[in-house]
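Visitor: sequence and predicted structure below; questions after.
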Amino acid sequence: MSHNVAISFEDVGFAHREVVVLEHASFHVHAGEFITLIGPNGAGKTTILRLIMGLAKPDYGTIEVFGRSPQVAASEIGYVPQYMNYDPSFPISVAEVVRMGMLQSSSRASLHAPRSSIQSALEKVGVADLIDRPYRALSGGQRRRVLVARALAGDPKILILDEPTANMDRESEELLFDVLGKLKGGTTIIMATHDTDFVSALSDVVLCVGERRGCEHRILRHAASPDERIASASGEGPVVRVLHDTDLGDEVPSNAAPGSRQGGTR
């Protein structure tokens with residue numbers, strides 16, 4: 001596998017309680033790419049994210065993250081879930097939530113991570129002033145931004161966001177995509193969304209799950225096309241139209257040079 005490939009699925013199958021989610025699915029992601037994973041609710045987007053993070057194992061096929069198993073590479077992945085399950089009566093502060101991201105990505109030294117490191121992560125998403133606030137006191141949009149800061153605190157090589165704009169107000173969305181735009185190129189970004197028609201113009205590659213008859217459990221690589229007539233319905237800035245009638249295929253070249261983007265949407 002090329003050393004420029006960050007994530008590789010090869011002939012992967014997965015079923016949950018006898019319900020087939022993926023069947024002979026293959027795709028790859030190059031380091032530094034911005035990937036948008038689309039598909040209707042229940043299509044398997046979250047399952048794919050869990051497989052990448054090593055939280056689930058395929059029934060067959062091979063998954064590699066930087067040439068290693070997802071379980072081994074897990075410390076290099078930052079994750080922003082749709083929701084954070086927690087006991088609202090538990091007195092956890094914003095600073096402590098962000099520190100969790102450091103614990104997941106490195107060593108016990110993160111238990112004593114300097115306040116400046118936590119503040120820096122919060123500044124990236126524009127909520128540094130909330131550092132001492134109780135997490136339970138935040139609005140939905142503020143909580144999402146804190147979860148992004150938690151994921152960024154460990155300086156991940158891969159950032160995974162599952163429906164990141166859920167419960168976000170327009171200002172929070174604009175700031176989030178501004179942050180993602182600055183990270184693009186240096187960090188591999190995978191963002192899952194249920195919007196199957198339009199994606200952020202930051203996207204290098206669009207992967208579609210559970211869309212086409214005969215390919216319900218496969219992953220198709222679509223092209224995306226700018227359309228000046230389209231205005232973003234949310235705060236994510238410019239968007240592009242997903243071309244569902246395209247299938248760019250997916251073949252991981254064994255001798256690809258660094259920076260090459262075979263099979264991408266450009």
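Guide: Right, received. Where do you want to start? Numbers count the residues shown, from 1 in each chain.
Visitor: which SS class is the closest residue to Val12 other than its chain neighbours?
Guide: Using CB to CB, 6 or more residues apart in numbering and skipping residues adjacent in sequence, the residue nearest Val12 is Gly61, 3.5 Å away. C-beta: built from backbone N, CA, C; applies to glycine. Look at Gly61: counting by DSSP: H, G, I helix; E, B strand; the rest coil, its state is strand.
Visitor: let's test this: name the helix or strand in this protein with the lowest mean pLDDT.
Guide: When each helix and strand of the chain is scored by mean pLDDT, DSSP states H and E, helix 94-105 comes last, with a mean of 82.
Visitor: in contact with the closest residue to Asn41 other than its chain neighbours, which residues?
Guide: Among residues not flanking Asn41 along the chain, His194 sits closest, at 5.4 Å (CB to CB, 6+ apart). Taking CB atoms under 8 Å, 6 or more residues apart in numbering as the criterion, His194 is in contact with Ile38, Gly39, Pro40, Asn41, Lys45, Glu163.
Visitor: can you do 10 Å?
Guide: Ile38, Gly39, Pro40, Asn41, Gly42, Ala43, Lys45, Glu163, Ala166 (CB atoms under 10 Å, 6 or more residues apart in numbering).
Visitor: one step back: output the least confident helix or strand of the chain in PDB with nothing but the alpha carbons.
Guide: Extracted in PDB, the C-alpha atoms of helix 94-105 (Å, rounded to 0.1, in the frame of the first residue of the first chain):
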ATOM      1  CA  VAL A  94     -15.200  22.400  29.800                       C
ATOM      2  CA  ALA A  95     -11.500  22.100  30.600                       C
ATOM      3  CA  GLU A  96     -11.900  18.600  31.800                       C
ATOM      4  CA  VAL A  97     -13.800  17.600  28.700                       C
ATOM      5  CA  VAL A  98     -11.000  18.900  26.500                       C
ATOM      6  CA  ARG A  99      -8.400  17.100  28.600                       C
ATOM      7  CA  MET A 100     -10.100  13.800  27.800                       C
ATOM      8  CA  GLY A 101      -9.000  14.200  24.200                       C
ATOM      9  CA  MET A 102      -5.400  14.500  25.300                       C
ATOM     10  CA  LEU A 103      -5.700  11.300  27.500                       C
ATOM     11  CA  GLN A 104      -7.000   9.300  24.500                       C
ATOM     12  CA  SER A 105      -4.200  10.400  22.200                       C
END
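Visitor: figure out how far it is from the centre of its chain.
Guide: 18 Å (CA atoms, centre = their mean, to the nearest Å).
Visitor: against which helices or strands is that helix packed?
Guide: strand 77-80, helix 115-124, helix 140-153 (3 or more CB pairs under 10 Å, 6 or more residues apart in numbering; DSSP states H and E).
Visitor: so which bits of it are buried?
Guide: Buried positions in helix 94-105, judged by neighbour count with 16 or more other CB atoms under 10 Å: Val94, Ala95, Val97, Val98, Arg99, Met100, Gly101, Met102, Leu103, Gln104, Ser105.
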